[in-house]
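*Asks:* Requesting a structural model of the entry that follows:
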Amino acid sequence: MKSDLDRLMTENDIDGLLITGPGQHNPAMVYMTGGAHLTAADLVKPRDRDPVLFYSPMERDEAARSGLETRNIMEFPYKQFLEESGGDRVRATAMRYDRMLRDTGLGSGRIAVYGRTELNPFIALLKALEKLNPDLEFVGEPSGDSILLQAMATKDPIEIERIRRVGLITTEVVGMTAEFLGGHATSNGALVRSDGETLTVGDVKRRIDLWLAERGVEAPEGYIFAIGRDAGVPHSSGTDSDPIVLGKTIVFDIFPCEKGGGYHYDFTRTWSLGYATDAVEGLYDDVRSTFETVMASLKAGESTSRYQEQTCDLFEALGHATTRQDLKIQSGYVHSLGHGLGLHVHEAPWFRNKVYATPRDVLRPGSVVTVEPGLYYPEQEMGVRLEDTVAVHPDGRLEVLSSYPLDLVIPVKGS
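*Replies:* A predicted model of the protein is given here:
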């Protein structure tokens, strides 16, 4: 949680955090400001002190809504620094940042950098800053295990409720999608629109986009609505021109967030319209039985790798290849069981194979994670994944934040 930041900074020998970029669609900035509508800003968090938000005067009211201590960037006049640097724009910007950091008490130390910005000029800035002030050291951290992601790995009750709200909207839209599909007529084994044209993946996605927008959420990273062979490739988003046909698996993996790049939900169901072939039913039964077994065994305090290993055990016993046997496989169980969820679609804790697991990958109170086993056989034009998002409450109770049926077959009016 955010309250863990100072402890984590101490443990990792970090004296300050520098977060840069817009106030929205920028997880690090959203985490610290709450999602203030800022075109561009900088936030400095010294260890054991409150953060300071540097803002453009045009956005002073938005900055104030963050509730943080704020500084007008014009108090650090760029024109003056440009004159002092002899017209060197990179050095002038570095001089400005040096003054900003000193203003927060960070004239020296190790500073971890976060945010979303154009990398090329920002790298030049950091190099110039270190040259200007050799007492500053800007550090990177391992992908997936940074201080901020460690803090984000547990959520407070307000964060969990925000994720739940997006989840309720998500499952509502999933239900509308199922109803929309089931209400179509068919011709030659495919769904047809009212104008007689074949319904396509693109047609369905346009409806989903509309329904999400109408409910105040968005899908900045898209989503997966994939049929047939595409359903057998885990991160294929689906081909817009593909017809919606009967009897083939559809993997619908949707992970929208609050408008502006806030908290996400993550949810998957697999459907077959009208009927399911014996092969599809068999594959679905293997995934569903594994999903239900793992979900029933989840316990607070346990290592997440335990459940990845359990999933591999179950699938291998059913005759499917897993990544535990070979990381290069493209058929069978080809990914991990799940991941943490929050301002990023993928964040800590991670459900890694035990050889890659860390002591931090644990289901702790405040964890919000996905559980999403799947089996994929693109050469057979089918894939199946089931996914729910689970929160671990302070008392150790685990809860699916938004429930939805696990039915495989969606009856179709015209079939």
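
*Asks:* For the rest of this, base every contact and every neighbour count on C-alpha atoms.
*Replies:* OK.

*Asks:* Figure out the helix or strand that residue 391 lives in.
*Replies:* strand 388-392 (DSSP states H and E).

*Asks:* Could you list every helix and strand in contact with that strand?
*Replies:* Using 3 or more Cα pairs under 8 Å, 6 or more residues apart in numbering; DSSP states H and E, the elements in contact with strand 388-392 are strand 267-273, strand 368-371, strand 398-400.

*Asks:* How far off centre is that strand?
*Replies:* 14 Å (Cα atoms, centre = their mean, to the nearest Å).

*Asks:* Just the CA atoms of stretch 240-256, as CSV, please.
*Replies:* What follows is stretch 240-256, C-alpha atoms only, in CSV (Å, rounded to 0.1, in the frame of the first residue of the first chain):
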residue,chain,number,x,y,z
ASP,A,240,-12.0,-7.8,-37.1
SER,A,241,-13.0,-9.4,-40.4
ASP,A,242,-13.5,-12.9,-38.9
PRO,A,243,-17.2,-14.1,-39.1
ILE,A,244,-19.0,-15.1,-35.9
VAL,A,245,-19.7,-18.7,-36.6
LEU,A,246,-21.4,-21.5,-34.6
GLY,A,247,-19.5,-24.2,-32.7
LYS,A,248,-16.1,-22.5,-32.5
THR,A,249,-14.5,-21.3,-29.3
ILE,A,250,-14.6,-17.6,-28.6
VAL,A,251,-12.2,-16.3,-25.9
PHE,A,252,-13.5,-13.0,-24.5
ASP,A,253,-10.9,-11.4,-22.3
ILE,A,254,-11.8,-7.9,-21.2
PHE,A,255,-9.7,-5.6,-19.0
PRO,A,256,-11.2,-2.1,-18.9
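
*Asks:* average pLDDT for it?
*Replies:* What stretch 240-256 shows for mean pLDDT is 98.

*Asks:* cool, and stretch 4-12?
*Replies:* Mean predicted confidence for stretch 4-12 is 95.

*Asks:* which outside residues touch it?
*Replies:* Stretch 4-12 is contacted by residues 15-16, 47-48, 147-148, 150-151 when judged by Cα atoms under 8 Å, 6 or more residues apart in numbering.

*Asks:* Show me which of those is closest to residue 289.
*Replies:* residue 150 (32.1 Å; Cα to Cα).

*Asks:* my read: that closest one touches residue 342, true?
*Replies:* No: Residue 150 is not in contact with residue 342 according to Cα atoms under 8 Å; the separation is 11.9 Å.

*Asks:* quick one, which of the two is more surrounded?
*Replies:* residue 342 (28 against 20; other Cα atoms under 10 Å).

*Asks:* right, and the helices and strands packed on strand 388-392 - which one's nearest residue 381?
*Replies:* strand 267-273 (12.4 Å).

*Asks:* quick check: angle from the helix or strand that the closest one is followed by to strand 267-273?
*Replies:* Using DSSP H and E, the helix or strand that follows strand 267-273 in sequence is helix 278-297. Here the directions of helix 278-297 and strand 267-273 differ by 150 degrees (axes from the mean of the first three to the mean of the last three Cα atoms, to 10 degrees).

*Asks:* how about helix 278-297 as PDB, C-alpha atoms only?
*Replies:* Extracted C-alpha coordinates of helix 278-297, given in PDB (Å, rounded to 0.1, in the frame of the first residue of the first chain):
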ATOM      1  CA  ASP A 278     -17.000 -33.000 -28.400                       C
ATOM      2  CA  ALA A 279     -13.400 -31.700 -28.700                       C
ATOM      3  CA  VAL A 280     -14.400 -28.200 -27.500                       C
ATOM      4  CA  GLU A 281     -16.400 -29.600 -24.600                       C
ATOM      5  CA  GLY A 282     -13.500 -31.900 -23.600                       C
ATOM      6  CA  LEU A 283     -11.100 -29.000 -23.600                       C
ATOM      7  CA  TYR A 284     -13.500 -26.700 -21.700                       C
ATOM      8  CA  ASP A 285     -14.100 -29.400 -19.100                       C
ATOM      9  CA  ASP A 286     -10.300 -29.700 -18.500                       C
ATOM     10  CA  VAL A 287     -10.000 -26.000 -18.000                       C
ATOM     11  CA  ARG A 288     -13.100 -25.600 -15.900                       C
ATOM     12  CA  SER A 289     -12.200 -28.400 -13.600                       C
ATOM     13  CA  THR A 290      -8.700 -27.000 -13.100                       C
ATOM     14  CA  PHE A 291     -10.100 -23.500 -12.600                       C
ATOM     15  CA  GLU A 292     -12.500 -24.600  -9.900                       C
ATOM     16  CA  THR A 293     -10.000 -26.800  -8.100                       C
ATOM     17  CA  VAL A 294      -7.400 -23.900  -8.000                       C
ATOM     18  CA  MET A 295     -10.000 -21.400  -6.900                       C
ATOM     19  CA  ALA A 296     -11.200 -23.600  -4.100                       C
ATOM     20  CA  SER A 297      -7.700 -24.100  -2.800                       C
END
